[in-house]
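**Student:** Return atomic coordinates for the entry below.
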Amino acid sequence: MIRPILLFLALLFSRYMPAQEADSALFPASWAGAWAGRLEIFNPEGKLQEVPMELHIRNVDTAYTWTIIYGEGDNADRRDYLLRPDKSRFGLYEIDEQNTIVLDAAYIGGKLFSRFEVSGNLLLSMAEMAGDELRYEIIAGKLDARTVTGGREFQGEQIPEVKSMPVVIRQYALLRRK
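**Tutor:** Purely as a prediction, here's the structure:
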């Protein structure tokens, strides 16, 4: 019984505590610039594809551009997003795709996270700066649970129902400043 209470308190207090001042001062300004590398795409059987990738982050007024470019030349797929502070003091941002889609994002412990569902798929996007590299990763899989366990009493304790969704795609890029 103590574990759920501690988890609840941690979640409650983390919602109202400001992000560390050092992190807040560095993000996203210290990430600004043009980054380039290769995006590798995996499924459980192995690597499916590898493509050039760039990420351009620039300060513009009250936001930062967050432009992702997959591929090169005439065949490049360019995605122009905006990263805006929502409540940056609390680590909250939004990623505006500039097409009516706006995603919530959170800067936690040096990483920018965004989790969302689209077309029945659950995606988790993570980006972090580590030294002179920027690591970018997306984990994806179906939103529908493959297995449902728990949801019953066990040794006198009511166990919550747990739904497990398999991960079927991992995209990973290690980017360096251009």
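
**Student:** Put the alpha carbons of whichever helix or strand residue 94 is part of into CSV.
**Tutor:** Residue 94 belongs to strand 92-96 when assigned by DSSP states H and E. Presented in CSV, the C-alpha positions along strand 92-96 are these (Å, rounded to 0.1, in the frame of the first residue of the first chain):
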residue,chain,number,x,y,z
LEU,A,92,6.5,22.2,-20.2
TYR,A,93,6.6,23.0,-23.9
GLU,A,94,4.5,22.5,-27.0
ILE,A,95,5.6,21.4,-30.4
ASP,A,96,3.5,23.1,-33.0
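
**Student:** So which residues of the protein form helices?
**Tutor:** Along the chain, the segments classed as helices by DSSP state H run 2-16, 21-26.

**Student:** Strands of this structure, start to end?
**Tutor:** According to DSSP state E, the chain carries its strands in the segments 33-43, 46-60, 63-70, 77-87, 92-96, 102-108, 111-118, 121-130, 133-142, 147-150, 153-154, 157-158, 161-164, 169-177.

**Student:** May I see the buried residues of stretch 135-150?
**Tutor:** Across stretch 135-150, burial judged by 16 or more other CB atoms under 10 Å covers 136, 137, 138, 139, 140, 141. (Each C-beta comes from the backbone N, C-alpha and C, glycine too.)

**Student:** Can you get me a residue count around residue 36?
**Tutor:** Neighbouring residues of residue 36 were enumerated by other CB atoms under 10 Å; the total is 16.

**Student:** what bridges to it?
**Tutor:** Here residue 36 shows beta-bridge partners residue 54, residue 176, assigned using DSSP bridges.

**Student:** next one: the one 4 residues further on
**Tutor:** Here residue 40 sits in beta bridges with residue 50, residue 172, as judged by DSSP bridges.
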